[in-house]
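Peer 1: Below: sequence and its predicted model.
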Amino acid sequence: MTVIGIDDTDSRERGMCTTYAASRLARRIEAADGGVERVLLVRLNPAVEHKTRGNAALAVHTDIDPACGFELARDLIADSAEVDDPRTNPGLVVADQDPENAPDAVAEFAREAVRDHHEIADAEALIERAGYESAGWKNARGKIGALAAIGAWAALDEWTYEYVSYREAERRGTPRDVDLDSAFAAADEQYPVAWDTVDRVEGQAVCVPRAPGPILHGIRGDDADAVRAVAAGIESESVESSQLFVTNQGTDAHLRDAALGAVEDGRSYRVDGTVVEPPETREGGHVFLRIAGDDAVADCAESDADARLDCAAFEPTKRFRDRVRALRVGDRITACGEIGDETLKLEKFAVRELNDVELATPDCPDCGRSMESAGADQGYRCRDCGTSHGGKVERRIDRDLEDGWYEVPPCARRHVAKPLVRGGFDAPIHPER
C-alpha cells in the first residue's frame with residue numbers, strides 16, 4: 001500500500017479546501033489505473049495558532065506505486081494550493097507502507113498532533129528517519145499535518161464518516177443554492193445515525209458552510225450509507241463531485257484528562273471542578289464562571305484542590321449559555337473545551353452533583369410566618385409568638401438542570417467534538433438537535 005498525506009492547501013479568505021484536493025487526488029489516482037481504498041480526513045488540534053481553517057489533514061490510502069503517487073500529488077498541490085495566502089504553507093508526505101503499519105514514532109506523532117503542538121523541524125526529522133518522500137511549499141508547515149495523516153490510521157481507534165458534495169467551478173464564490181426544507185427532512189430521516197446536519201432550534205443547515213470554497217454540503221454520521229442517503233435527499237444546485245471520507249470528527253479525540261492546575265493554553269481538556277463563583281453574563285452575551293479543582297483526577301497524581309479556572313460559554317453557543325447560567329456555587333461538574341488566555345472555552349459539561357440546598361430565614365413553627373433577625377449573632381425570632389431559632393435553615397430548591405451531560409448546539413459544534421447523541425458517555429445525556 002501507499003499512503004499519501006497532504007495538508008495546508010486552503011485559505012480562510014480565498015477558499016479552496018484540502019478535502020477537495022484529496023478528492024481530486026483520488027480521482028487522478030483512479031485515472032492512472034490505481035485503486036483507492038479510503039480517503040482519511042483527520043482533524044488535528046483545533047487550538048493550533050497556525051491553522052488555516054478547520055485544521056484538517058488528509059491521507060489517501062492507495063495501491064498506486066509510491067513514486068507515481070508522489071508525482072500526482074505534487075503536481076496537484078502545485079496547481080491548486082492557495083499559496084498566495086501568507087498563512088498557507090502546503091506539505092506532502094508519501095509512505096510506502098500499509099496504513100496500520102506506521103512506525104510507533106509516526107503513530108505517536110499523529111496522536112500528539114491531535115492534542116498538542118509540533119515544530120516543522122521535528123516533522124522533517126521524523127520524515128527522514130522513516131524514509132518517506134516529502135515536499136513542501138513556502139515554510140512547509142503543512143508537512144506536520146501530512147505526516148500526522150500518514151500515522152493517523154495506526155494512532156486512532158475511533159472513526160466516523162463525512163460525505164462531502166462539491167460545487168461546480170463556475171458557481172463557487174456565489175451564494176449556495178440549497179433547499180432548507182429538504183435538508184431538514186433528510187436529516188430527520190437518518191437521525192441519529194447521521195448527526196449535526198441541521199440545527200433545528202436555530203433553523204440552520206449546519207451541513208452547508210458559509211466560508212468561501214468548493215464545498216456545497218458535508219454530511220456527518222456513524223454509517224456510510226446513512227450520510228450518503230442524507231446527501232441524496234437534499235435538493236440543491238448541481239453537484240460537481242462527491243467524496244466519502246473516513247474521519248475522526250465527532251470523537252473528542254482532542255480532549256485529554258488533566259488536573260485542573262495542570263492545563264495549558266493551546267490544548268483541550270476534560271477537567272473536574274466545583275463552581276466557586278456564579279455565572280456572570282458579560283458584554284457581548286458571553287457567560288463566565290469559575291471552578292475550583294477537586295482533590296483528585298483520574299490518571300493524575302497531583303492534587304489540584306487549590307486550583308481555579310475560568311470557564312466561558314461564548315455568544316455563538318446560543319442556548320447552551322442558559323445551561324451554564326443555570327449552574328450555581330457548589331455544583332460539581334466536568335468541563336470540556338479548549339484553553340485559551342487561561343480560560344476554558346466550554347464545548348460540553350457534565351453535572352456530577354447539584355447543590356440544591358440554600359440557607360434561608362426560618363419560619364415560625366407556631367404561626368408559619370418568616371422570623372426576623374434578633375440582632376447580630378443572636379439568631380431569629382418571631383415577634384408575634386416569641387419563638388426563636390439559632391440561625392438560618394437549609395431549604396431545598398428546584399433546579400433547572402439534571403445530572404448528566406449538556407452540549408453546545410450543532411451550529412456551534414467543533415468538527416472533532418463528540419455529539420452527545422453518539423453515546424458512550426458516563427452519565428445521562430441531554431442532546432441538542
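Peer 2: Structure received.

Peer 1: my read: residue 205 touches residue 186, true?
Peer 2: No - counting by C-beta atoms under 8 Å, residue 205 does not reach residue 186; the two are 10.1 Å apart. Quick note: C-beta positions are derived from backbone N, CA and C, even for glycine.

Peer 1: any shared contact partners between these two?
Peer 2: The overlap between the contact sets of residue 205 and residue 186 (C-beta atoms under 8 Å, 6 or more residues apart in numbering) consists of residue 197.

Peer 1: ok, longest strand in this protein?
Peer 2: Among the segments of the chain that qualify as a strand by DSSP state E, the longest is strand 268-281.

Peer 1: Who are the packing partners of that strand?
Peer 2: Using 3 or more C-beta pairs under 8 Å, 6 or more residues apart in numbering; DSSP states H and E as the contact test, the elements touching strand 268-281 are strand 255-257, strand 287-293, strand 308-313, helix 320-325, strand 332-340, strand 343-353.

Peer 1: For those, could you give me TSV that also reports mean neighbour count?
Peer 2: Listed next are the helices and strands packed on strand 268-281 as TSV, based on neighbours: other C-beta atoms under 10 Å:
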stretch	mean neighbour count
strand 255-257	17
strand 287-293	21
strand 308-313	20
helix 320-325	20
strand 332-340	21
strand 343-353	22
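
Peer 1: out of these, which comes closest to residue 194?
Peer 2: Residue 194 lies closest to strand 343-353 among the helices and strands packed on strand 268-281, at 19.9 Å (C-beta to C-beta).

Peer 1: Show me what the next helix or strand after that closest one is packed against.
Peer 2: Going down the chain from strand 343-353, the next helix or strand is strand 357-360, by DSSP states H and E. Helices and strands touching strand 357-360, as assessed by 3+ C-beta pairs under 8 Å, 6+ apart, comprise strand 393-396.

Peer 1: and the helices and strands packed on strand 268-281 as JSON lines, adding mean pLDDT and distance to residue 408?
Peer 2: Putting these into JSON lines (pLDDT from 0 to 100; distance: least, C-beta to C-beta, whole Å) gives the following:
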{"stretch": "strand 255-257", "mean pLDDT": "97", "distance to residue 408": "14"}
{"stretch": "strand 287-293", "mean pLDDT": "96", "distance to residue 408": "12"}
{"stretch": "strand 308-313", "mean pLDDT": "97", "distance to residue 408": "8"}
{"stretch": "helix 320-325", "mean pLDDT": "98", "distance to residue 408": "5"}
{"stretch": "strand 332-340", "mean pLDDT": "97", "distance to residue 408": "9"}
{"stretch": "strand 343-353", "mean pLDDT": "98", "distance to residue 408": "6"}
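
Peer 1: Reformat those as CSV; add distance to residue 154.
Peer 2: As requested, the helices and strands packed on strand 268-281 are exported to CSV (distance: least, C-beta to C-beta, whole Å):
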stretch, distance to residue 154
strand 255-257, 19
strand 287-293, 35
strand 308-313, 34
helix 320-325, 35
strand 332-340, 26
strand 343-353, 27
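
Peer 1: of all the ones you listed, which lies closest to residue 276?
Peer 2: Minimum separation from residue 276 across those (C-beta to C-beta) falls at strand 287-293, 4.5 Å.

Peer 1: what pLDDT does residue 303 get?
Peer 2: According to the per-residue confidence, residue 303 scores 49 in pLDDT.

Peer 1: Near residue 209, how many other residues are there?
Peer 2: Neighbouring residues of residue 209 were enumerated by other C-beta atoms under 10 Å; the total is 18.

Peer 1: Surely it is within a strand?
Peer 2: No - under DSSP: H, G, I helix; E, B strand; the rest coil, residue 209 sits outside any strand and is assigned coil.

Peer 1: How about the contacts made by it?
Peer 2: Neighbour list for residue 209: 215, 217-218 [criterion: C-beta under 8 Å, 6+ apart].

Peer 1: Run through the stretch 201-350 of the chain and note the low-pLDDT ranges.
Peer 2: With pLDDT under 70 as the threshold, the stretch 201-350 of the chain has low-confidence stretches at 294-305.

Peer 1: Also the stretch 1-150 of the chain?
Peer 2: 12-15, 51-53.

Peer 1: how near is residue 359 to residue 118?
Peer 2: Here the criterion is C-beta to C-beta, to the nearest Å. By it, residue 359 lies 52 Å from residue 118.

Peer 1: now do residue 409
Peer 2: Distance from residue 409 to residue 118, by C-beta to C-beta: 32 Å.

Peer 1: Kindly report the same for residue 175.
Peer 2: Distance, residue 175 to residue 118, using C-beta to C-beta: 38 Å.

Peer 1: ok, now residue 66?
Peer 2: Relative to residue 118, and taking C-beta to C-beta, residue 66 is found at 24 Å.
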